[in-house]
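J.: Quick one: sequence and predicted model below, then my questions.
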Amino acid sequence: MNERRWMITSGAFVSMSFLGMSRTFLGTALPAIRSSLDLNLLQAGTLTALLQLGFSIAVFTGGPLSDIFKKSSILMLGCLLMGINLLLFGFSNWFWISLIGIGLIGIGGGLIESSSNPLLIQLFPGRESMVMNLHHFFFATGSLAGPLMMGAVLAKSIPWQWGYMGFGLFVLLIFSFLLSQRMSSPKSGRGFEMNIISRLMSEKTFLILFFITFFNNGVQNGIGYWMVTFLKETKSFPIALGSASLSLFFACLAVGRLFSSYLITQLQEAVYLVGLFSLLSVTLLLSVFAPGKWVIPFFGVCGLAHSGIFPCLLGMAGKLYSENPGTAMGIIATAAGLGAMAVPWLMSLVSQMTNLQIGFLSLEIFVVTSLILMGINYKRLTLARSQA
């Protein structure tokens, strides 16, 4: 039993790193993709939006499905779909085929997210926020590896497509390994119940978690997708330095999640979240207006501020709605995907109409809104958590 638990946990952690890497691969390669496919800022923003749209669709449907079917089977399906379409995206030089491929990569990532979160909640009852922070440490680790790998590919004048094809082959290799291990986890045997979703979406506490997640992940992915382009076009950084800066952002995100997995056992989630949003609101402003290379450490602190927010929100949803954790966490992850689709696209639209500096400054609106929501509903969230 312990060996099976270790295998399932390892598979979930490794798969989550693929999800993180798929985001930053695109963010780092975006200037090169724009050049080779002759895209403007808004068209490039459509690529990021479709990646997140596919993710959102998959986590919305995959959450309830993970309460019905074997979570590990959905996890492996996500790896298979992601690997195949990473290859498709790398092989294609047609914009419309690229749009299809990137959307399906998002669907694969959504299946990974929607199955692995409730799977780990099931394996580690009573330690929801801790294990979610540790799980999303691997997301941050994959996010960190993405800019380093794609940055190295581009620095050596290797086509970005080769990086995507190599990534796809590696994901398929890991899928084959997981399949050979015959990973398994129990299925619930319940059928799909639409009224569960309706009930959750009518609860004020759940809606608060939903919208805070929407805003937070929109800002995080706005930074992840557009930082390299921002540094290149606004600060005149070379792509190698821009990708290294993005890696620092995700390195701080990863380190922060390791610390968060401990700190969250000592603090109330609501207290911790208010502190993180306060830090983020200040450092994001400094990141936009800092001169020269001073922008790099401020973006790093933004990564620290982001580190514990999403895992804590997921952990709260899994604990508060423990009877249907897959559905609850799937809807929260859907909010993350929708935010990561809408906010970076809106940011690209603002940037197209004005400039990238103003586009980045627009992210502050979502951070401040999240902080206000946390402040207004602080007592409600604290009380709900203590009663769970």
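T.: Structure received. This is a predicted model, so every value here is computed, not measured.
J.: any idea how far residue 32 is from residue 164?
T.: 11 Å (CB to CB, to the nearest Å). (Glycine included, C-beta is placed from N, CA and C.)
J.: Between these two, tell me which one has more neighbours.
T.: Between residue 164 and residue 32, counted using other CB atoms under 10 Å, residue 164 has the larger neighbour count: 28 against 18.
J.: In the stretch 201-350 of the chain, where is pLDDT below threshold?
T.: Applying pLDDT under 70 to the stretch 201-350 of the chain flags residues 265.
J.: give me that answer again for 90
T.: Residues of the stretch 201-350 of the chain meeting the criterion pLDDT under 90: 201-208, 221, 223-251, 253-275, 287-295, 306-342, 344-345, 347-349.
J.: contacting residues for residue 97?
T.: Under the criterion of CB atoms under 8 Å, 6 or more residues apart in numbering, the contact list for residue 97 reads residue 88.
J.: Could you measure from it over to residue 264?
T.: Taken as CB to CB, the span from residue 97 to residue 264 is 43 Å.
J.: residues of stretch 251-267 that come out buried?
T.: 251-257, 260-261, 263-264 (16 or more other CB atoms under 10 Å).
J.: Following the chain onward from the strand or helix carrying residue 304, which element is next?
T.: Per DSSP states H and E, residue 304 falls inside helix 295-307. Using DSSP H and E, the helix or strand that follows helix 295-307 in sequence is helix 309-320.
J.: can you pull the alpha-carbon coordinates of stretch 143-150 into PDB?
T.: The C-alpha coordinates for stretch 143-150 follow below in PDB (Å, rounded to 0.1, in the frame of the first residue of the first chain):
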ATOM      1  CA  SER A 143       7.900  26.700 -14.500                       C
ATOM      2  CA  LEU A 144      11.500  27.500 -13.500                       C
ATOM      3  CA  ALA A 145      12.900  24.800 -15.900                       C
ATOM      4  CA  GLY A 146      10.900  26.100 -18.900                       C
ATOM      5  CA  PRO A 147      12.600  29.500 -19.300                       C
ATOM      6  CA  LEU A 148      16.100  27.900 -18.700                       C
ATOM      7  CA  MET A 149      15.600  25.200 -21.300                       C
ATOM      8  CA  MET A 150      13.800  27.400 -24.000                       C
END
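J.: any idea how far the longest helix seen in the chain is from the chain center?
T.: Ranked by residue count, the top helix of the chain under DSSP state H comes out as helix 2-37. Chain-centre distance of helix 2-37: 10 Å, with CA atoms, centre = their mean, to the nearest Å.
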